[in-house]
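**Student:** Okay, sequence plus prediction incoming.
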Amino acid sequence: MSLSTAILRAVPGAFILNSGIGKLGMSAEAAEGMQGMAAHGVPALGKLTPEQFAKFLSYGEVAVGASLLLPFVPTKVAGLGLAAFSGSLVSMYLRTPGLTEADGVRPTGDGTAIAKDTWLLAIAAALLLSQGGKSAKA
(Lines give C-alpha, C1' and ligand atoms only; values in the text may rest on other atoms or scores of the structure.)
Protein backbone atom coordinates (compact mmCIF):
# COMPACT_ATOMS: atom_id res chain seq x y z
CA MET A 1 0.00 0.00 0.00
CA SER A 2 1.40 3.40 -0.96
CA LEU A 3 1.83 6.14 1.61
CA SER A 4 -0.77 8.30 -0.12
CA THR A 5 -3.31 5.45 -0.03
CA ALA A 6 -2.53 4.78 3.63
CA ILE A 7 -3.19 8.45 4.44
CA LEU A 8 -6.43 8.46 2.42
CA ARG A 9 -7.57 5.45 4.43
CA ALA A 10 -6.24 6.28 7.90
CA VAL A 11 -7.53 9.81 8.38
CA PRO A 12 -11.22 9.24 7.53
CA GLY A 13 -11.04 5.72 8.98
CA ALA A 14 -9.99 6.96 12.41
CA PHE A 15 -12.56 9.75 12.34
CA ILE A 16 -15.45 7.49 11.27
CA LEU A 17 -14.47 4.70 13.69
CA ASN A 18 -14.37 7.17 16.58
CA SER A 19 -17.75 8.57 15.56
CA GLY A 20 -19.28 5.09 15.43
CA ILE A 21 -17.86 4.10 18.81
CA GLY A 22 -19.27 7.34 20.26
CA LYS A 23 -22.72 6.39 18.99
CA LEU A 24 -22.77 2.91 20.54
CA GLY A 25 -25.55 2.84 23.11
CA MET A 26 -27.09 6.07 21.79
CA SER A 27 -30.41 6.95 23.38
CA ALA A 28 -33.62 6.53 21.40
CA GLU A 29 -34.22 10.29 21.61
CA ALA A 30 -30.82 11.11 20.09
CA ALA A 31 -31.30 8.44 17.42
CA GLU A 32 -34.71 9.80 16.53
CA GLY A 33 -33.27 13.25 15.84
CA MET A 34 -30.50 11.87 13.62
CA GLN A 35 -32.90 9.50 11.91
CA GLY A 36 -35.15 12.36 10.85
CA MET A 37 -32.32 13.98 8.90
CA ALA A 38 -30.91 10.70 7.60
CA ALA A 39 -34.28 9.71 6.14
CA HIS A 40 -34.09 12.75 3.81
CA GLY A 41 -31.11 11.14 2.08
CA VAL A 42 -32.08 7.49 2.44
CA PRO A 43 -35.87 7.28 2.88
CA ALA A 44 -35.76 3.60 3.89
CA LEU A 45 -34.05 4.64 7.16
CA GLY A 46 -37.32 6.27 8.22
CA LYS A 47 -38.93 2.82 8.43
CA LEU A 48 -36.60 1.67 11.23
CA THR A 49 -37.35 2.18 14.89
CA PRO A 50 -35.02 4.70 16.55
CA GLU A 51 -33.33 1.81 18.38
CA GLN A 52 -32.76 -0.07 15.11
CA PHE A 53 -31.47 3.09 13.45
CA ALA A 54 -29.03 3.72 16.33
CA LYS A 55 -27.58 0.23 15.98
CA PHE A 56 -27.47 0.46 12.17
CA LEU A 57 -25.69 3.82 12.29
CA SER A 58 -23.19 3.01 15.04
CA TYR A 59 -22.33 -0.47 13.75
CA GLY A 60 -22.15 0.84 10.18
CA GLU A 61 -19.73 3.60 11.14
CA VAL A 62 -17.58 1.18 13.13
CA ALA A 63 -17.50 -1.22 10.15
CA VAL A 64 -16.62 1.48 7.60
CA GLY A 65 -14.00 3.04 9.87
CA ALA A 66 -12.41 -0.33 10.67
CA SER A 67 -12.37 -1.40 7.02
CA LEU A 68 -10.43 1.74 6.16
CA LEU A 69 -7.94 1.21 9.00
CA LEU A 70 -7.30 -2.51 8.54
CA PRO A 71 -4.55 -2.94 5.93
CA PHE A 72 -5.69 -6.44 4.92
CA VAL A 73 -9.01 -5.07 3.64
CA PRO A 74 -8.47 -4.35 -0.06
CA THR A 75 -8.40 -0.65 -0.89
CA LYS A 76 -11.23 -0.91 -3.40
CA VAL A 77 -13.45 -2.72 -0.86
CA ALA A 78 -12.74 -0.09 1.79
CA GLY A 79 -13.34 2.63 -0.82
CA LEU A 80 -16.66 1.09 -1.79
CA GLY A 81 -17.79 1.08 1.84
CA LEU A 82 -16.73 4.70 2.22
CA ALA A 83 -18.52 5.59 -1.04
CA ALA A 84 -21.79 4.07 0.19
CA PHE A 85 -21.48 5.79 3.57
CA SER A 86 -20.44 9.20 2.25
CA GLY A 87 -22.87 9.00 -0.66
CA SER A 88 -25.74 8.69 1.77
CA LEU A 89 -24.43 11.70 3.71
CA VAL A 90 -24.18 13.78 0.53
CA SER A 91 -27.66 12.66 -0.49
CA MET A 92 -28.97 13.79 2.89
CA TYR A 93 -27.21 17.15 2.46
CA LEU A 94 -28.66 17.72 -1.01
CA ARG A 95 -32.21 16.66 -0.07
CA THR A 96 -32.64 18.32 3.33
CA PRO A 97 -34.42 21.68 3.08
CA GLY A 98 -32.42 24.61 4.41
CA LEU A 99 -28.98 23.06 3.96
CA THR A 100 -28.35 24.40 0.46
CA GLU A 101 -28.74 27.78 -1.21
CA ALA A 102 -31.43 28.25 -3.87
CA ASP A 103 -29.15 26.58 -6.45
CA GLY A 104 -29.44 23.32 -4.50
CA VAL A 105 -25.67 22.82 -4.25
CA ARG A 106 -23.87 25.58 -2.33
CA PRO A 107 -24.29 25.23 1.44
CA THR A 108 -26.16 27.62 3.67
CA GLY A 109 -24.72 28.43 7.08
CA ASP A 110 -26.66 25.46 8.46
CA GLY A 111 -25.46 23.20 5.65
CA THR A 112 -21.73 23.88 5.82
CA ALA A 113 -21.04 21.28 8.53
CA ILE A 114 -22.73 18.58 6.45
CA ALA A 115 -21.43 19.76 3.06
CA LYS A 116 -17.93 18.82 4.18
CA ASP A 117 -18.96 15.18 3.76
CA THR A 118 -18.41 15.71 0.04
CA TRP A 119 -14.70 15.39 0.88
CA LEU A 120 -15.32 11.86 2.11
CA LEU A 121 -16.97 11.05 -1.21
CA ALA A 122 -13.94 12.45 -3.04
CA ILE A 123 -11.63 10.30 -0.90
CA ALA A 124 -13.80 7.26 -1.70
CA ALA A 125 -13.48 8.02 -5.42
CA ALA A 126 -9.70 8.31 -5.09
CA LEU A 127 -9.55 4.94 -3.32
CA LEU A 128 -11.78 3.29 -5.92
CA LEU A 129 -9.67 4.69 -8.77
CA SER A 130 -6.32 3.91 -7.16
CA GLN A 131 -4.06 1.36 -8.74
CA GLY A 132 -3.64 -0.52 -5.44
CA GLY A 133 0.14 -0.58 -5.66
CA LYS A 134 0.22 -1.47 -9.38
CA SER A 135 1.76 0.93 -11.83
CA ALA A 136 -0.60 2.52 -14.30
CA LYS A 137 -0.24 1.34 -17.89
CA ALA A 138 0.27 4.07 -20.47
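**Tutor:** That came through fine.
**Student:** Count the residues that sit near residue 4.
**Tutor:** 10 (other C-beta atoms under 10 Å). Backbone N, C-alpha and C define where each C-beta goes, glycine included.
**Student:** Look at it and report its pLDDT.
**Tutor:** At residue 4, the model reports a pLDDT of 91.
**Student:** Am I right that it sits in a strand?
**Tutor:** No. Assignment of residue 4 by DSSP: H, G, I helix; E, B strand; the rest coil gives helix, placing it outside any strand.
**Student:** For it, give its distance to residue 15.
**Tutor:** Counting by C-beta to C-beta, to the nearest Å, the gap between residue 4 and residue 15 amounts to 18 Å.
**Student:** wait, isn't residue 108 in contact with residue 96?
**Tutor:** No. If you go by C-beta atoms under 8 Å, residue 108 and residue 96 don't touch, sitting 10.3 Å apart.
**Student:** of the two, who's got more company?
**Tutor:** Taking other C-beta under 10 Å, residue 108 and residue 96 do not tie; residue 96 has more neighbours (18 against 12).
**Student:** Leaving out the residues flanking it, which one is nearest to the more buried one?
**Tutor:** Among residues not flanking residue 96 along the chain, residue 40 sits closest, at 4.4 Å (C-beta to C-beta, 6 or more residues apart in numbering).
**Student:** Could you check how far residue 92 is from residue 82?
**Tutor:** In terms of C-beta to C-beta, residue 92 sits 16 Å off from residue 82.
**Student:** more neighbours, these two?
**Tutor:** Each of residue 92 and residue 82 has its neighbours counted (other C-beta under 10 Å); residue 82 has more, 27 against 19.
**Student:** list the contacts for the more buried one?
**Tutor:** Under the criterion of C-beta atoms under 8 Å, 6 or more residues apart in numbering, the contact list for residue 82 reads 12, 16, 64, 68, 120, 123, 124, 127.
**Student:** again, only using 10 Å
**Tutor:** Shown in contact with residue 82 (C-beta atoms under 10 Å, 6 or more residues apart in numbering): 8-9, 12-13, 16, 64-65, 67-68, 120-121, 123-128.
**Student:** Could I have the buried ones of those as PyMOL selection syntax?
**Tutor:** In PyMOL, a selection of the buried entries from those looks like this (16 or more other C-beta atoms under 10 Å):
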select buried, resi 8+9+12+13+16+64+65+67+68+120+121+123+124+127
